[in-house]
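[1] kindly return the folded structure for what I paste below:
(chains A and B)
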Amino acid sequence: DAGVIQSPRHEVTEMGQEVTLRCKPISGHDYLFWYRQTMMRGLELLIYFNNNVPIDDSGMPEDRFSAKMPNASFSTLKIQPSEPRDSAVYFCASSGRTHTGELFFGEGSRLTVL
Amino acid sequence: DQQVKQNSPSLSVQEGRISILNCDYTNSMFDYFLWYKKYPAEGPTFLISISSIKDKNEDGRFTVFLNKSAKHLSLHIVPSQPGDSAVYFCAASKSGYNKLIFGAGTRLAVHP
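    Modelled structure (predicted):
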């Protein structure tokens, strides 16, 4: 029974380059979330989708960040152009229920922007 | 403007003793609270939750207490074991909003 799958696990890139992070949620889950973990702010919600539709993107830092969910089994988070302050661990999570449902997280994508 | 706050970044406890992790929230509309546990290089995993209609929920060695008037919750681990060493995140949500707001986390170290 596969969990949430994220790729790549590690990404090192240079400032100004485009970064694309990928996520495959658990089959049957209607909700998909992108979180970012930093030392200072912990786990920040960036955006979440319900049935492939973006519901709340108020946590997206700025226009350099964009997220898509073209179908129920795939989502991307893109940063263009990347900056050193974007260095963090990015988590994707999925859930099949409403606000009382637990989230199932992927293992994360560690991004380092030089 | 953090709505969920974990003011202790770290906690060290001796094996066999009680670990108490604290969490405060500012939004009185939150009605569901969860604790997640995270090991290095892994994603957070659900540990225990509590609804605002309760003030206590217990699951084995883990108990969560909720004080709504103080907007405070705590996670008690008794007895603490070395395998409990991890980062613990407190999270909150409210009806009608299908998202969890997390705190910054507390790193627990349980030493022999």
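[2] ok, residue A:49 - how many residues close by?
    Residues contacting residue A:49 under the criterion other C-beta atoms under 10 Å in any protein chain shown number 22. From N, CA and C alone the C-beta is placed, and that goes for glycine too.
[3] what residues does chain B have near chain A?
    For chain B, the residues found near chain A under the criterion C-beta under 8 Å from any C-beta of the partner chain are B:2, B:6, B:32, B:34, B:36, B:41-46, B:49, B:51, B:89, B:91, B:93-105.
[4] which residues does residue 104 contact?
    Chain wasn't specified; assuming chain A. By C-beta atoms under 8 Å, 6 or more residues apart in numbering or on different chains, the contact set of residue A:104 is A:3, A:4, A:26, A:29, A:93, A:94, A:95, B:46.
[5] chain B, not that one
    Taking C-beta under 8 Å, 6+ apart as the definition of contact, the neighbours of residue B:104 are A:40, A:41, A:42, A:43, B:2, B:5, B:6, B:9.
[6] filter those residues down to the buried ones, PyMOL style.
    Buried residues within the contacts of residue B:104, as defined by 16 or more other C-beta atoms under 10 Å in any protein chain shown, are selected in PyMOL through the command that follows:
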select buried, (chain A and resi 42+43) or (chain B and resi 5+6)
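[7] can you put the contacts of residue B:104 in TSV and add secondary structure, pLDDT and distance to residue A:87?
    Supplementary listing: the contacts of residue B:104 in TSV, determined by DSSP: H, G, I helix; E, B strand; the rest coil; pLDDT from 0 to 100; distance: C-beta to C-beta, whole Å:
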residue	secondary structure	pLDDT	distance to residue A:87
A:40	coil	80	12
A:41	coil	82	13
A:42	strand	86	15
A:43	strand	92	16
B:2	coil	78	21
B:5	strand	94	24
B:6	coil	94	22
B:9	coil	93	19
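[8] turn the contacts of residue B:104 into JSON lines, columns for distance to residue A:107.
    Written out in JSON lines, the entries for those read as follows (distance: C-beta to C-beta, whole Å):
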{"residue": "A:40", "distance to residue A:107": "22"}
{"residue": "A:41", "distance to residue A:107": "20"}
{"residue": "A:42", "distance to residue A:107": "18"}
{"residue": "A:43", "distance to residue A:107": "14"}
{"residue": "B:2", "distance to residue A:107": "25"}
{"residue": "B:5", "distance to residue A:107": "27"}
{"residue": "B:6", "distance to residue A:107": "22"}
{"residue": "B:9", "distance to residue A:107": "23"}
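[9] who's the residue most central in space within chain A bridged to?
    When chain A is reduced to its mean C-alpha position, the closest residue under C-alpha atoms, centre = their mean turns out to be residue A:34, at 3.2 Å. Note on residue A:34: beta-bridge partners by DSSP bridges are residue A:47, residue A:92.
[10] surely it touches residue A:77?
    Yes: A contact is recorded between residue A:34 and residue A:77 when judged using C-beta atoms under 8 Å, the distance being 5.2 Å.
[11] what touches both of the two?
    With C-beta under 8 Å, 6+ apart as the test, residue A:34 and residue A:77 both reach A:23, A:46, A:47, A:67, A:90, A:92.
[12] so which of the residues you listed is the closest to chain B?
    The nearest member of the shared contacts of residue A:34 and residue A:77 to chain B, counting by C-beta to the nearest C-beta, is residue A:92 at 8.6 Å.
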